[in-house]
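K.L.:
Structure for this input, please:
(one chain, ligands or ions: 1)
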Amino acid sequence: MTYDDAIQLRDVRFSYKPDSLTLGIDELTIASGRRVFLHGPSGSGKTTLLSIISGVLTPQSGSVHIVGQDLKKLSASGRDTLRGSRIGYIFQGFNLIPYLTVAENIALPCQLHPIRRNRISAATVNSEVARLARRLEIHTHLDAPVTELSTGQQQRVAIARAIIGSPELVIADEPTSSLDTDRREAFLDLLNEVITDAIRQDNSKTTLLFVSHDRSLANHFDESISLEEIATTHRPESKHDLA
Ligand SMILES: Nc1ncnc2c1ncn2[C@@H]1O[C@H](COP(=O)(O)OP(=O)(O)OP(=O)(O)O)[C@@H](O)[C@H]1O
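P.N.:
Sure thing, here's the model as predicted:
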């Protein structure tokens, strides 16, 4: 592990049930500042891997270092803090808070995590929310309940919420699966542009880990990793296989 690695997994073994290995990864290293596309078919363990990286799931063995932190050395609340303050997450269904406005949704990581708030170079969180919203062309909706926005607009709220306060690692879990091809391309271009802006503005190295089953998106990234190629799984044969 060097300090320039955003993600490093070694000899990781994770099982949901005692007698079947869900995910085994001998080595996965992603250097800081890389934009990485991770693909694998349904059931290959993409969500499980993201949960391990973000400290939601703890593997039974092996080591996981994220932005220089050994997750094994952190308590559950330490992992929560790392996840909220140093990782920006774009979920497949966005996970926006329906009873908050657009501005409140974008500002949420800064309200919950002082590290995100303190990294903002704008005068206030509100001015940073406004700047990002202008950049993402959702500024006329800032005071609207987030549920009144179109799907495409909600995706842009999710991007703004993930990158506000410059987390070192941005994880996107299949956020384009509901979009048609043109919109998918536009979303990826916008996500890349906004991350490039953030890097320029903060002189930081933001790492992007984008996960999808759709290999055609790979050309938007610096590198592409096949989960099937790096992982081992040993599930017991099902009763149907034995019959
Ligand atoms: N909570 C759980 N308990 C037991 N098994 C689980 C659980 N969550 C996932 N699995 C199993 O672990 C394996 C990997 O699932 P995972 O959701 O990580 O795959 P995925 O690649 O993200 O799939 P998809 O693209 O369909 O979302 C699957 O065989 C799944 O059935």
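K.L.:
how about the residues of this protein that lie near the ligand?
P.N.:
For the chain, the contact set with the ligand under Cβ under 6 Å from any ligand atom comprises 16, 22, 40, 42-48, 213. All C-beta spots, glycine's among them, are computed from the backbone N, C-alpha and C.
K.L.:
Mark which of those residues are buried, thanks.
P.N.:
Buried members of these, counted by 16 or more other Cβ atoms under 10 Å: 22, 40, 44-46, 48.
K.L.:
how about low-confidence regions in this protein?
P.N.:
The chain contains residues with pLDDT under 70 at 1-3, 233-243.
K.L.:
Following the chain past the strand or helix carrying residue 199, name the next helix or strand.
P.N.:
Assigned by DSSP states H and E, residue 199 falls within helix 181-202. Of the helices and strands lying after helix 181-202 in sequence (DSSP H and E), the nearest is strand 207-212.
K.L.:
List the pairing partners of that following strand within its sheet, with orientation.
P.N.:
strand 35-39 (parallel), strand 169-173 (parallel) (DSSP bridges).
K.L.:
what comes up buried for that strand?
P.N.:
Applying 16+ other Cβ under 10 Å to strand 207-212 flags 207-212 as buried.
K.L.:
Also stretch 15-31?
P.N.:
Neighbour-count burial for stretch 15-31 [16+ other Cβ under 10 Å]: 15, 21-25, 28, 30-31.
K.L.:
about what we covered before: could you provide the buried ones among the residues of the chain next to the ligand in CSV, with additional columns for secondary structure and distance to residue 121?
P.N.:
Formatted as CSV, those follow (DSSP: H, G, I helix; E, B strand; the rest coil; distance: Cβ to Cβ, whole Å):
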residue, secondary structure, distance to residue 121
22, strand, 41
40, coil, 37
44, coil, 40
45, coil, 38
46, helix, 34
48, helix, 36
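K.L.:
picking that back up, highest average neighbour count across the strands paired with strand 207-212?
P.N.:
strand 169-173 (a mean of 23; mean count of other Cβ atoms under 10 Å).
K.L.:
Pull the CA coordinates from that strand and hand them back as CSV.
P.N.:
C-alpha atoms of strand 169-173 as CSV (Å, rounded to 0.1, in the frame of the first residue of the first chain):
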residue,chain,number,x,y,z
LEU,A,169,-13.2,8.6,-3.6
VAL,A,170,-16.4,8.8,-5.6
ILE,A,171,-18.3,5.5,-6.1
ALA,A,172,-21.1,5.2,-8.6
ASP,A,173,-23.1,2.0,-8.5
